[in-house]
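1. Structure for this input, please:
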Amino acid sequence: MRRILLAVLVVAAAVFAASLSAPLAAQGAPPQVSADQPYTVEYYYKCQWGHQAEFLQLFLKNHYPLLKKIESTGRILSVKIESPAYHTSEELRWDFRVTIRYKNSTVATTANPDEEAFIKELWPDQETYKREEQRRFEILLGHIDLPVTDITPAKQ
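-> Numbers count the residues shown, from 1 in each chain. Have a look, this model is predicted:
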């Protein structure tokens, strides 16, 4: 038992020492650039198995038009929806990735004061809209919001 404990402590000490000597950039991506620069967030959606088409249909009907409306105001610069071509393990599986480039980090992280008005304008039948949005979230197993930073070296 002592040998196992000693081995675990040696490995833990080696991992800790290695982490101290690693460059800071390896510890994680740097924060996104200044507040005046575009800010990118990837939104990952994992659906209950067999409900991917239903989720996408509801997303395209009830959320995508809102994103496009916000894009027309300049708060959002671009919206891209993607689905993986192949499958992964169940733990790593995601069904849809929506990448949104916002005007800057402030608009990405603060509430849009016009959003409620846009929702009422785009979907006059609020009961149906709310019921369908509730269903869209009922069939989700997971949803991750991941700000990302482009660290590609500049061309020389």
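2. alpha carbons only for contacts and neighbour counts from here, please
-> OK.
3. ok, the residue nearest to residue 107 when sequence neighbours are not counted - how many residues close by?
-> In this structure, residue 107 finds its nearest non-sequential neighbour in residue 75, 6.3 Å apart by Cα to Cα, 6 or more residues apart in numbering. By the criterion of other Cα atoms under 10 Å, residue 75 has 19 neighbours.
4. Check the one 4 residues further on too.
-> Using other Cα under 10 Å, residue 79 has 16 neighbouring residues.
5. So it: helix, strand or coil?
-> At residue 79 the chain is in strand, as set by DSSP: H, G, I helix; E, B strand; the rest coil.
6. Could you double-check that it sits in contact with residue 101?
-> Yes. With contact defined as Cα atoms under 8 Å, residue 79 reaches residue 101; the gap is 6.7 Å.
7. Would you map the strands across this structure?
-> 39-47, 76-82, 96-102, 140-148 (DSSP state E).
8. Report the beta-bridge partners for the residue most central in space within the chain.
-> Residue closest to the mean C-alpha point of the chain, counted by Cα atoms, centre = their mean, is residue 43 at 2.3 Å. Applying DSSP bridges to residue 43 yields these beta-bridge partners: residue 98, residue 145.
9. Offset the numbering so it begins at 52, please.
-> All right, first residue 52 from here; so that's residue 94.
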